[in-house]
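**Student:** Output the structure for:
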Amino acid sequence: MRKPRDFDGELKALQDKARELKSRKVLGLGELVIATGADSLSVDELAGALIVLTETKDAGKREAWARRGAAFFQGRARRTAPAAERHTSGARAQPGGVQPSTGSKGAA
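**Tutor:** Next comes the predicted model:
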């Protein structure tokens, strides 16, 4: 005879996992804002800039922004990672792959 499934337990586990993923995403975005220096902007300025970015459909602009972002992360990796740990491949950096800087304190 089969063991009955605990749907409530499974649902709670999925909700906990979703909450953890969202928390990690928010933390990563906060670290990105701090790393780029955008934390010096007011909340209204930052929100307005992000809205303009998301509304932009020009593929050329978006590509240029992506190249600039990749260069930012590659330059940051060179400054913070020991030579043995650097990735020298031509792969583009992904936002989720950002290494949080351990030597600096975030603005509170």
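**Student:** now T54: how far from D6?
**Tutor:** In this view, T54 and D6 are 40 Å apart by CB to CB, to the nearest Å. Placement of C-beta: from N, CA and C, glycine included.
**Student:** my bad, should have said R24
**Tutor:** To D6, R24 is 26 Å away according to CB to CB.
**Student:** Show me where the protein dips below the pLDDT cut-off.
**Tutor:** Within the chain, the ranges that satisfy pLDDT under 70 run 77-108.
**Student:** Grab the longest helix from it for me.
**Tutor:** When the chain is parsed with DSSP state H, its longest helix is helix 7-36.
**Student:** May I see the buried residues of that one?
**Tutor:** Under the neighbour-count criterion of 16 or more other CB atoms under 10 Å, helix 7-36 has 32-35 buried.
**Student:** Let me have these in CSV, extended by distance to L46.
**Tutor:** Output for the buried residues of helix 7-36, formatted as CSV (distance: CB to CB, whole Å):
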residue, distance to L46
L32, 11
V33, 7
I34, 12
A35, 14
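**Student:** Pick out whichever of the residues you listed sits closest to A66.
**Tutor:** L32 (14.1 Å; CB to CB).
**Student:** Show the subsequent helix or strand relative to the longest helix of the chain.
**Tutor:** helix 43-55 (DSSP states H and E).
**Student:** Name the surrounding residues that touch that next one.
**Tutor:** Residues outside helix 43-55 that contact it (CB atoms under 8 Å, 6 or more residues apart in numbering) are 33, 38, 41, 65.
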